[in-house]
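**Student:** Need coordinates for the following:
(chains A and B)
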Amino acid sequence: MNFLGSFLTPQGVATAAFFMVVGMTIVGALIAVAARNIFHNVLGLVLALIGVAGLFLYLNSPFVALMEILIYVGAICIAICFAIMLSEPMYLPRPPRKLTKILGAAAGAGLIFVFLFLLTKKTTWVPAAQRSTDWSVTTIGHYLLTNYALIFEVVSLLLLVAMLGAIVIARGGRGSS
Amino acid sequence: MLVFNHLETYLYLALVLFAIGLYGVLARRSLIAILISVELILNAASINFMAFNRFLAPHPAVGQVITLFIMAVAAAEAAIALSIIVAVYRKLKSINIEHATELRG
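**Tutor:** Numbering: from 1, shown residues only, chains lettered A, B, ... in the order given. From the prediction side, this is the model:
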């Protein structure tokens, strides 16, 4: 009863939801790299990205969480689905992967994981002396159009160039040009 | 102190996500699977930016702005990468990176 009582407080419910979001992120990421079927990989990526959006909610940023779902889940994952449909058929048999290469990749990723883990563990993080408490979307918009206006414009140019480049590359010699 | 009010929780989570993505980039051979893994790595970077923004930064909007820029660059990267994948498939009839060896000396 005591355990149940401590779980049913708002903090307990928030903690349980946090662990659910963390589990979604990690399980989705594992599906995204480990499943053999490429379509299951995309679905795992969707699960992981929704989990990351939940983490952004816990980090006080609902706007960025919505943008995460809109851009990643809504645009990038759908584009990947189209690329799957336009490329290799999924019913073709895939040759089995070599175990040595798998182990080599796991060892490389594991080494970097241990290095960064120790680095994170040894560092003491110092917050800024004076912290503003302004989290609002208005402030984000203000920053985008004043301090970061140049980067904003460069990113819009980058998106335009990427769009044109994608069209030119994917046309691939068809047409009269 | 609640577990989701610690900076280290988010840093370790982003680290796990980064390691999983790195393993995917190294181990998978399909170009689309590699692109999916790269998206995981970019998301790990976004989580780090947002966590530092939440717990350390003097202005809590700056990290959100940078995360939005990461998303825009990831969208551009995905568009280019997917068009390259379609072009490679049209040329080689395969998206396995081990078949793309035309530049081998």
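**Student:** ok, residue B:37 - contacts?
**Tutor:** Counting by Cβ atoms under 8 Å, 6 or more residues apart in numbering or on different chains, residue B:37 touches A:32-33, B:20-25, B:28. For every residue, glycine as well, the C-beta is placed using N, CA and C.
**Student:** from these, which two are the most distant?
**Tutor:** A:32 and B:22 (12.7 Å; Cβ to Cβ).
**Student:** where in chain A is pLDDT low?
**Tutor:** A:1-7, A:93, A:172-177 (pLDDT under 70).
**Student:** show me where it has strands.
**Tutor:** With DSSP state E as the definition, chain A shows no strands.
**Student:** Break it into its domains for me.
**Tutor:** A:7-92, A:137-177 (automatic domain parsing).
**Student:** And the ones you listed: which comes nearest residue B:33?
**Tutor:** domain A:7-92 (5.6 Å).
**Student:** What is the distance between the closest one and the centre of its chain?
**Tutor:** Using Cα atoms, centre = their mean, to the nearest Å, the distance from the centre of domain A:7-92 to the centre of the chain it belongs to is 7 Å.
**Student:** Can you give me the buried ones in the longest helix seen in chain B?
**Tutor:** The residue-count maximum for a helix in chain B (DSSP state H) belongs to helix B:62-92. Buried positions in helix B:62-92, judged by neighbour count with 16 or more other Cβ atoms under 10 Å in any protein chain shown: B:62-69, B:71-72, B:74-89.
**Student:** So residue A:32 and residue B:22 - more neighbours on which side?
**Tutor:** residue A:32 (27 against 24; other Cβ atoms under 10 Å in any protein chain shown).
**Student:** OK, contacts around the nearest residue to the more buried one once chain neighbours are set aside?
**Tutor:** Excluding the flanking residues, the one nearest residue A:32 by Cβ to Cβ, 6 or more residues apart in numbering or on different chains is residue A:44, at 3.7 Å. Shown in contact with residue A:44 (Cβ under 8 Å, 6+ apart): A:27-33, A:35.
**Student:** returning to what we had before: so which of the contacts of residue B:37 are in strands?
**Tutor:** Among these, no member lies in strands (by DSSP E).
**Student:** Make TSV out of those residues and add distance to residue A:148.
**Tutor:** What follows is these, written out as TSV (distance: Cβ to Cβ, whole Å):
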residue	distance to residue A:148
A:32	31
A:33	33
B:20	31
B:21	27
B:22	29
B:23	34
B:24	32
B:25	30
B:28	35
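**Student:** In helices, which of these fall?
**Tutor:** A:32-33, B:20-25.
**Student:** tell me the SS of residue B:94?
**Tutor:** Using DSSP: H, G, I helix; E, B strand; the rest coil, the secondary structure recorded for residue B:94 is coil.
**Student:** What count of nearby residues applies to it?
**Tutor:** 16.
**Student:** which stretches of chain B have low pLDDT?
**Tutor:** Within chain B, no stretch has pLDDT under 70.
**Student:** how far away is residue B:47 from chain A?
**Tutor:** 6 Å (Cβ to the nearest Cβ, to the nearest Å).
**Student:** Count the neighbours of residue A:72 for me.
**Tutor:** Residues near residue A:72, counting by other Cβ under 10 Å: 25.
**Student:** hang on, it packs against residue B:71?
**Tutor:** Yes: counting by Cβ atoms under 8 Å, residue A:72 touches residue B:71, with 7.1 Å between them.
**Student:** Would you state the helices of chain A in chain order?
**Tutor:** Under DSSP H, chain A gives helices at A:2-7, A:10-34, A:38-58, A:62-68, A:77-86, A:99-122, A:137-145, A:149-171.
**Student:** CA-only coordinates of the fifth one in PDB, if you can.
**Tutor:** Written as PDB, here are the backbone C-alpha positions of helix A:77-86 (Å, rounded to 0.1, in the frame of the first residue of the first chain):
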ATOM      1  CA  CYS A  77      10.400   8.800 -42.300                       C
ATOM      2  CA  ILE A  78       7.800   9.100 -45.100                       C
ATOM      3  CA  ALA A  79      10.600  10.100 -47.500                       C
ATOM      4  CA  ILE A  80      12.500   7.000 -46.500                       C
ATOM      5  CA  CYS A  81       9.400   4.900 -47.100                       C
ATOM      6  CA  PHE A  82       9.300   6.300 -50.600                       C
ATOM      7  CA  ALA A  83      12.900   5.500 -51.200                       C
ATOM      8  CA  ILE A  84      12.300   1.900 -50.000                       C
ATOM      9  CA  MET A  85       9.500   1.600 -52.500                       C
ATOM     10  CA  LEU A  86      11.600   3.100 -55.300                       C
END
